[in-house]
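**Student:** missing the sequence, but the structure's below:
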Ligand code: SF4
Ligand code: SF4
């Protein structure tokens, strides 16, 4: 019977102290009149329990930044300023707002709402310089989240036959290569995480099961007696130089990843011979020549390529690497020009830091997006790097597996809902149609060139 895909979401409370975006500071000229207590409906201002004649320190994490207490204070004693801890979170693409947004999504599983309107820049580096077409946003019937119109987020991982062979009696004779259908274009990859623990890995595996997606992880993650159902969500990723003959797959494993190395053609042959019913994905460090490497892989009938970018979504193997936004488009276009695009599944991983990065990667040419660092940020990681020195301010290593599984399920649920919003606003009914749809996006550099090349005396193409 047809069952609609549903992600089970429930609130998973934070373990660490909240990090408010703004803090309210009360100056010494406060006369403890208590007007702020009356003004604030969120309970930020309270009288001190020890001495009710005085006001206690503001509970900043409850503040919604409405400014009412500041306006009502007869002494002008209250000031709102950016929270120092908030400002110290993250770096580069991983801005404080992105990090705290992920925390909120992982806690509630809901789409974040920025009720005061957007007050930031309208362009920036990387994916921030790419705007998606939302021209159908006014059509209320296009509502994939609440079910008035069904929008599919299913994708296939594996090689699709270019044509079908039929026998004399009309029966299909094509031998179908192994293929995996996922209900969401998102997988999880924990092979490059800086920090992990048994509880975290078990929680990630739980989330992969809840979401019916794949968890790419180092070999040996699951115990040898794990059920076929558990193994079906697990993708062991082997490092470069692994002897394919030494690989032992547990019952139920549907896909394996191998880091691309010089012997990849032999690895492919050997893998096909030993595991004909298992999907093989080659992991490829994104580089300047990734287009030609991917074309070589397609020619040899490789079914899946997982292209790896760094935490900023930049190519790994070159100093002046391209952003995934350019690199993915180049790989996609190269395959389209050779008419082989549908013969391979392209997974893109690295630097996916916000819900919007999923549809943007897909528009640039990815079929599936791999979440990496966002999985740990969902667990309230501060991105402070102190784990590299053996300590963690939030004791991530002690995070219980159920808590991890719940937070990760929530963030993927919230991101899928945002993907549905984007698809609905574009008038698309399935995510497969979004892949490589460059006409669905505007790129800042293109607009800038078109607008200013004449003025600046340029040729219009650079
Ligand atoms: S209203 Fe102003 S003066 Fe009165 S208690 Fe609040 S901060 Fe102090
Ligand atoms: S700014 Fe608004 S929400 Fe924040 S403490 Fe003042 S009254 Fe409360």
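**Tutor:** Arrived safely, thanks for sending. Note that the coordinates shown come from a computational prediction; the quantities given were computed from them, not determined experimentally. Ligands and ions are numbered 1, 2, ... in the order given.

**Student:** Find the nearest non-adjacent residue to the residue located most distally from the centre of the chain, please.
**Tutor:** The C-alpha centroid of the chain is most remote from residue 53, which lies 49.6 Å away (C-alpha atoms, centre = their mean). Among residues not flanking residue 53 along the chain, residue 32 sits closest, at 6.2 Å (C-beta to C-beta, 6 or more residues apart in numbering). Yep, even glycine has a C-beta here, placed from its N, CA and C like the rest.

**Student:** if we can go back for a sec, now that the residue farthest from the centre of the chain has come up, it's in contact with residue 34, right?
**Tutor:** No - assessed by C-beta atoms under 8 Å, residue 53 is found out of contact with residue 34, at 10.0 Å.

**Student:** Now for the two: what residues contact both?
**Tutor:** Shared contacts of residue 53 and residue 34, defined by C-beta atoms under 8 Å, 6 or more residues apart in numbering, are found at residue 47.

**Student:** show me where the stretch 251-400 of the chain has helices.
**Tutor:** Applying DSSP state H, counting those that start in this stretch to the stretch 251-400 of the chain gives helices spanning 264-274, 290-299, 324-337, 357-364, 373-377.

**Student:** residues in this protein within reach of ligand 1, list them.
**Tutor:** 26, 30-36, 55, 73, 75, 77-78 (C-beta under 6 Å from any ligand atom).

**Student:** let's go with 5 Å and repeat that
**Tutor:** 30-33, 35-36, 55, 73, 75, 77 (C-beta under 5 Å from any ligand atom).

**Student:** Going by distance to ligand 2, which of these wins?
**Tutor:** residue 36 (6.7 Å; C-beta to the nearest ligand atom).

**Student:** List the buried residues of the host helix or strand of the closest one.
**Tutor:** Residue 36 belongs to helix 35-39 when assigned by DSSP states H and E. Buried residues in helix 35-39, counting neighbours by 16 or more other C-beta atoms under 10 Å, are found at 36-37, 39.

**Student:** any idea which helix or strand comes after it?
**Tutor:** helix 68-72.

**Student:** which residues are in contact with that following helix?
**Tutor:** Taking C-beta under 8 Å, 6+ apart as the rule, helix 68-72 contacts 24, 35-36, 38-40, 44-45, 78-80.

**Student:** got any ranges where this protein has weak pLDDT?
**Tutor:** Under the criterion pLDDT under 70, the flagged ranges of the chain are 1-2, 115-118, 137-148, 456-462.

**Student:** Excluding chain neighbours, what is closest to the closest residue to ligand 1 within the stretch 51-200 of the chain?
**Tutor:** Nearest residue of the stretch 51-200 of the chain to ligand 1: residue 73, at 3.4 Å (C-beta to the nearest ligand atom). In this structure, residue 73 finds its nearest non-sequential neighbour in residue 36, 5.9 Å apart by C-beta to C-beta, 6+ apart.

**Student:** Enumerate every residue touching that neighbour.
**Tutor:** 44-45, 55, 69, 72-73, 78.

**Student:** Name only those of these that count as buried.
**Tutor:** 44-45, 55, 69, 73, 78.

**Student:** Out of these, which two are the most distant from each other?
**Tutor:** Spatial extent of the buried ones among the contacts of residue 36 (C-beta to C-beta) is set by the pair 44 and 73 at 12.6 Å.

**Student:** check contacts around residue 18.
**Tutor:** residue 61.

**Student:** helices and strands around the longest strand that the chain contains, which ones?
**Tutor:** Assignment by DSSP state E gives strand 279-285 as the longest strand of the chain. Packed against strand 279-285 by the contact rule (3 or more C-beta pairs under 8 Å, 6 or more residues apart in numbering; DSSP states H and E) you find strand 155-158, strand 255-259, helix 264-274, helix 290-299, strand 304-308.
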